[in-house]
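1. give me a 3D structure for the following:
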Amino acid sequence: MLIQLAALALLLIVLWRVFRLAMGLRFAKVLREEARSAEEGSGRKVLAELPLSDAEVVFLVEDAESFRWGSAHLTKAGIRGARLMVNGAVLKEFAAAGERLPAPEPPEEYVGRERWEVRVFRGESSAVAIPCGTLREGISREIAGRVFEAVKATIAIPSDLPA
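-> Numbering: from 1, shown residues only. Here you go, the predicted structure:
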């Protein structure tokens with residue numbers, strides 16, 4: 001009988017902890033949804049949720065003049081080109097008409113996880129990296145692709161040039 005009571009107490013403790021974890025995750029989701037609604041309500045477009053660290057996730061938001069994430073921002077008017085990168089290797093790039101991007105650095109050695117980022121060039125030597133995460137299963141890849149396409153859309157490409 002004593003063993004059964006101990007097992008019941010242990011089961012109740014485990015169930016209580018699982019319940020608290022589930023409610024904490026639900027509360028965090030509600031807070032994120034409220035923050036997203038507040039950003040969109042102020043006229044900004046939420047492009048993605050960027051995982052800056054294991055504990056911090058921020059929104060990448062776009063407004064008429066800039067991109068913002070966390071405490072960083074990037075003015076659209078100064079964008080000359082961008083690269084979609086994984087572990088420092090270039091997957092895609094674009095440059096404004098008449099612009100040349102600097103030569104890419106050699107990619108890093110693979111250390112068991114993918115680090116996705118979009119590096120945005122603003123001039124000769126000025127570049128800003130937008131970190132898109134190291135999550136597996138294509139989540140960070142999807143975020144990076146969405147960010148790259150949004151940055152690319154800010155550059156007006158003349159339609160009269162042949163493809």
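
2. which parts of this protein are strands?
-> Taking DSSP state E as the test, the strands found in the chain are 45-51, 57-62, 66-69, 72-75, 81-86, 89-95, 116-121, 127-133.

3. could you pull up the mean pLDDT of the longest helix seen in the chain?
-> Identified as the longest helix of the chain according to DSSP state H is helix 2-41. Averaged over helix 2-41, pLDDT sits at 92.

4. who are the packing partners of that helix?
-> strand 45-51, strand 57-62 (3 or more Cβ pairs under 8 Å, 6 or more residues apart in numbering; DSSP states H and E). (C-beta placed from N, C-alpha, C; glycine too.)

5. try it again at 6 Å.
-> Applying 3 or more Cβ pairs under 6 Å, 6 or more residues apart in numbering; DSSP states H and E, one finds that helix 2-41 contacts no other helix or strand.

6. pLDDT at Cys132, what is it?
-> 87.

7. please name the residues that touch it.
-> 116-117, 140, 143-144 (Cβ atoms under 6 Å, 6 or more residues apart in numbering).

8. by neighbours, which of the residues you listed wins?
-> In terms of neighbours by other Cβ atoms under 10 Å, those top out with Ala144 at 26 neighbours.

9. what's the domain layout of this protein?
-> As assigned by automatic domain parsing, the chain contains the domains 1-42, 44-153.

10. pick the most deeply packed of those domains.
-> Highest mean neighbour count among the domains of the chain (mean count of other Cβ atoms under 10 Å): domain 44-153, with a mean of 16.

11. and it, how far out from the chain middle?
-> Offset of domain 44-153 from its chain centre (Cα atoms, centre = their mean, to the nearest Å): 8 Å.

12. from start to finish, how long is that domain in a straight line?
-> 16 Å (Cα to Cα, to the nearest Å).

13. taking the contacts of Cys132 together, which two end up most distant?
-> In those, two members sit farther apart than any others by Cβ to Cβ. They are Glu117 and Ile143, at 10.0 Å.

14. low-confidence ranges in the chain?
-> For the chain, residues meeting the criterion pLDDT under 70 lie at 54, 124-125, 136-137, 156-163.
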